[in-house]
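J.: make a model of this:
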Amino acid sequence: MISYKFRMYPNKQQTEKLDFALDICRQAYNIMLGELRDQAIIDRNMIQSILPDLKICEPRFGEVYSKTLQYECYKLFSNLSALSALKKQGRKVGQLKFKGKKFFDTITYNQSGFDLEHIFGKNGRLKLSKIGDVKLKLHRLPEGNVKQVTLKRMNDKWFAFVISDGKTRLKHGDKVLGIDLGINHYLVDSEGNKVEHPKNYERMLPKLKMAHRNLSKKKKGSKNRLKAKKSLNRIYEKVNNQRTDFLHKTSTNLIRQCKVIVVEDLNIKGMMEQRYFNAKNITDSSWNKFIQMLEYKAENSGVEIIKVNPKDTTKICSNCGHIQKMHLWERTYKCKDCLFEMCRDENSAINIKFLGLGQPYVEIVSDFPSGEQLSMKQEAITSTQC
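T.: Numbers count the residues shown, from 1 in each chain. Here you go, the predicted structure:
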């Protein structure tokens with residue numbers, strides 16, 4: 001299955017219908033959740049049978065395509081299953097909450113009620129039952145048959161997420177690389193190639209500070225405060241779009257070069273707790289999202305992704321296997337045993353590659369206390385570049 005994201009351009013009348021359908025779906029979700037809470041024994045069929053009665057009692061529910069309301073029942077029980085799975089893992093979970101207008105932003109057309117047409121160039125039309133023919137920018141044609149369309153409102157903009165049964169396959173290369181993720185350089189591979197960190201959040205920080213100050217000066221509940229909040233949200237949206245674009249391009253480039261990629265199995269949450277003063281930089285890096293992109297693109301392209309424990313990968317000499325302590329400010333690895341010198345990130349990437357390929361000529365044993373054996377991703381935080 002492939003998901004495509006297209007920007008929609010509804011007119012004023014279509015926007016009103018979309019907003020109305022979104023609110024009706026939210027109300028249907030809340031009504032079914034209320035019935036679910038009243039049940040002693042959960043019965044999904046009984047919950048879904050409420051929908052025909054709603055259309056009789058409240059005619060406004062009949063003004064929305066029936067499949068979208070039925071999907072809210074599926075969404076409700078999917079959320080319930082997710083909570084049950086978390087509870088089985090020992091996580092503390094509460095109960096499902098009723099959705100307010102600010103926390104409900106999607107309408108799903110499943111299987112029917114929609115039709116996607118290409119007009120010319122990048123112009124397209126999405127036909128939606130009981131809403132109309134909405135213009136959208138069709139920057140590429142979906143492969144295969146379209147199975148589902150989800151409409152999402154984001155910062156007063158509407159987007160269509162189109163899911164098809166097509167399959168895309170990137171052509172992979174022949175390289176075998178180890179990847180060391182960092183902050184000064186976003187990544188350094190085992191061949192010494194570096195990808196600079198875009199630092200999108202840092203570049204947009206002056207605008208964000210100004211927008212936050214502007215928002216704080218506005219009276220709560222006023223229209224000016226609403227405008228200021230929308231302006232702030234647009235800046236955050238731009239930061240997120242820039243970050244996602246960079247991650248997609250970087251991950252795709254790696255897939256096209258490699259047949260095997262070895263990465264670190266990072267504990268992002270633990271790193272942010274141990275280095276709370278740098279949690280902002282770690283969050284901006286989005287390493288988890290990057291690795292997830294690598295994994296699903298690798299699965300479609302026949303590339304193997306290997307995860308290894310990052311422990312001591314920066315302390316080990318990739319030339320002789322000697323282990324020594326490395327301070328965060330030390331950017332060059334100078335082996336005290338064989339006098340080998342190399343950029344610490346490249347040295348770490350080589351060790352990661354060896355670990356992933358199962359070449360245990362380096363004994364991964366450390367003489368340092370366990371408190372010093374932190375993830376090596378905390379290294380590039382306050383230091384200079386290689």
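J.: quick check on Ile235: phi, psi?
T.: Summarising the backbone geometry of Ile235 under the convention degrees, to the nearest 10, its torsions are phi -70, psi -40.
J.: ok, Lys5 next?
T.: The phi and psi torsions at Lys5 (degrees, to the nearest 10) take the values phi -120, psi 120.
J.: also the one 3 residues further on?
T.: The phi and psi torsions at Met8 (degrees, to the nearest 10) take the values phi -100, psi 150.
J.: just list whatever residues bridge to it.
T.: With DSSP bridges applied, the residues forming beta bridges to Met8 are Leu136, Trp158.
J.: what's near enough to touch it?
T.: Contacts here follow Cβ atoms under 8 Å, 6 or more residues apart in numbering; on that basis Met8 touches Leu126, Val134, Lys135, Leu136, Leu151, Lys157, Trp158, Phe159, Ala160. C-beta: built from backbone N, CA, C; applies to glycine.
J.: now, among those residues, which is nearest to Ser286?
T.: Phe159 (20.2 Å; Cβ to Cβ).
J.: what sits against the closest one?
T.: By Cβ under 8 Å, 6+ apart, the contact set of Phe159 is Lys5, Phe6, Arg7, Met8, Leu151, Lys152.
J.: weed out the non-buried ones from the contacts of Met8.
T.: Applying 16 or more other Cβ atoms under 10 Å to these, the neighbour count classes Leu126, Val134, Lys135, Leu136, Leu151, Trp158, Ala160 as buried.
J.: quick one on the thing from earlier: same list, the contacts of Phe159, but as a markdown table with distance to Phe77 please.
T.: Output for the contacts of Phe159, formatted as a markdown table (distance: Cβ to Cβ, whole Å):
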| residue | distance to Phe77 |
| --- | --- |
| Lys5 | 26 |
| Phe6 | 28 |
| Arg7 | 31 |
| Met8 | 28 |
| Leu151 | 21 |
| Lys152 | 21 |
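J.: so which of these is the closest to Ala82?
T.: Nearest to Ala82 among the contacts of Phe159, counting by Cβ to Cβ, is Lys152 at 19.2 Å.
J.: list of residues touching the helix or strand that closest one falls within?
T.: Using DSSP states H and E, Lys152 falls within strand 146-154. Strand 146-154 is contacted by residues 1, 8, 18-19, 22, 105-111, 114, 116, 126, 128, 158-165, 237 when judged by Cβ under 8 Å, 6+ apart.
J.: so who does Lys75 touch?
T.: When contacts are counted by Cβ under 8 Å, 6+ apart, Lys75 touches Tyr29, Thr108.
J.: how much space separates it from Val308?
T.: Applying Cβ to Cβ, to the nearest Å, one obtains 37 Å for the distance of Lys75 from Val308.
J.: what do you get for Gln111?
T.: To Val308, Gln111 is 42 Å away according to Cβ to Cβ.
J.: list the buried residues for the strand holding Lys152?
T.: Burial within strand 146-154, assessed by neighbour count using 16+ other Cβ under 10 Å, is assigned to Val146, Gln148, Val149, Thr150, Leu151, Lys152, Arg153.
J.: okay, now Asp189: neighbour count?
T.: Other residues near Asp189 come to 24 when the count uses other Cβ atoms under 10 Å.
J.: could you measure from it over to Ala349?
T.: Computed with Cβ to Cβ, the distance linking Asp189 and Ala349 is 5 Å.
J.: shared neighbours, these two?
T.: Overlap between the neighbourhoods of Asp189 and Ala349 consists of Leu177, Gly178, Ile179, Asp180, taking contacts as Cβ under 8 Å, 6+ apart.
J.: next, the last one: secondary structure please.
T.: Going back to what we said before, that points to Asp180. What DSSP: H, G, I helix; E, B strand; the rest coil gives for Asp180 is strand.
J.: now the helix or strand that Ser81 is a member of against strand 146-154, angle please.
T.: When secondary structure is defined using DSSP H and E, the element that contains Ser81 is helix 66-88. Angle between the axes of helix 66-88 and strand 146-154 is 80 degrees (criterion: axes from the mean of the first three to the mean of the last three Cα atoms, to 10 degrees).
J.: just the buried residues of helix 66-88, please?
T.: Ser66, Lys67, Thr68, Leu69, Gln70, Tyr71, Glu72, Cys73, Leu76, Leu80.
J.: quick one: which of those is nearest Lys220?
T.: Closest approach between the buried residues of helix 66-88 and Lys220, by Cβ to Cβ: Glu72, at 31.6 Å.
J.: can you pull the pLDDT of that closest one?
T.: pLDDT recorded at Glu72 is 91.
J.: ok, back up a step: how far does the helix holding Ser81 sit from the chain's center?
T.: Taking Cα atoms, centre = their mean, to the nearest Å, one finds helix 66-88 lying 21 Å from the centre of the chain it belongs to.
J.: can you list the strands that the next helix-or-strand element following that helix pairs with?
T.: The helix or strand immediately downstream of helix 66-88 is strand 106-110, counting by DSSP H and E. Sheet neighbours of strand 106-110, with direction, are listed as strand 146-154 (antiparallel) (DSSP bridges).
J.: thank you kindly, that will do.
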